[in-house]
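Chemist: Using only what follows, build the 3D model:
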Amino acid sequence: MSSLRALLIVLLLLASGLWLGMLDQKVAAQQTHDPAPMEVTTDTPEYCVYLQDRLHTLEVAAVAPPPHEVTDLSAEGRRMCNHGQTRGGIMRLRRALLILRHDDPPASR
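Modeler: Below you'll find the predicted structure:
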């Protein structure tokens with residue numbers, strides 16, 4: 001009975017070793033196919049300030065005034081960030097950035 005238990009343990013160890021080896025190969029293959037590293041963002045007040053600065057830079061460089069939706073979203077995002085509602089503020093600031101980028105003609109980007 002103990003030899004059967006030992007055989008079962010050896011088979012389980014071999015199977016788990018093979019599975020881990022296949023998993024490592026899959027992760028390595030996926031890493032070689034990733035085109036660029038991910039940009040990590042956080043829900044911090046510093047990121048709010050960063051987005052506000054980017055928005056301001058794009059608004060100043062724009063040829064025409066920004067759409068009302070961009071103005072409203074950026075004002076609301078700034079207000080929320082200033083009152084500690086960073087996640088909601090970041091969402092609005094990002095949306096304003098997307099609209100502003102989409103609204104610009106390709107030559108001014």
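
Chemist: Confidence-wise, which helix or strand of the protein is lowest on average?
Modeler: Using mean pLDDT, DSSP states H and E, helix 2-33 stands out as the lowest-scoring helix or strand of the chain, at a mean of 66.

Chemist: Give the next helix or strand downstream of that one.
Modeler: Toward the C-terminal end, the helix or strand that comes next after helix 2-33 (DSSP states H and E) is helix 45-61.

Chemist: So what touches that following helix?
Modeler: Outside helix 45-61, the residues that touch it by C-beta atoms under 8 Å, 6 or more residues apart in numbering are 41, 66, 70, 74, 77-78, 81, 86, 89-90, 93-94, 96-97, 100-101, 104, 108. For the C-beta atoms, the positions are set from N, CA and C on the backbone; glycine is no exception.

Chemist: Now intersect these with the strands, please.
Modeler: With strands taken from DSSP state E, there is no overlap with the contacts of helix 45-61.

Chemist: Distance check, Asn82 against Val49.
Modeler: Here the distance between Asn82 and Val49 works out to 10 Å (C-beta to C-beta, to the nearest Å).
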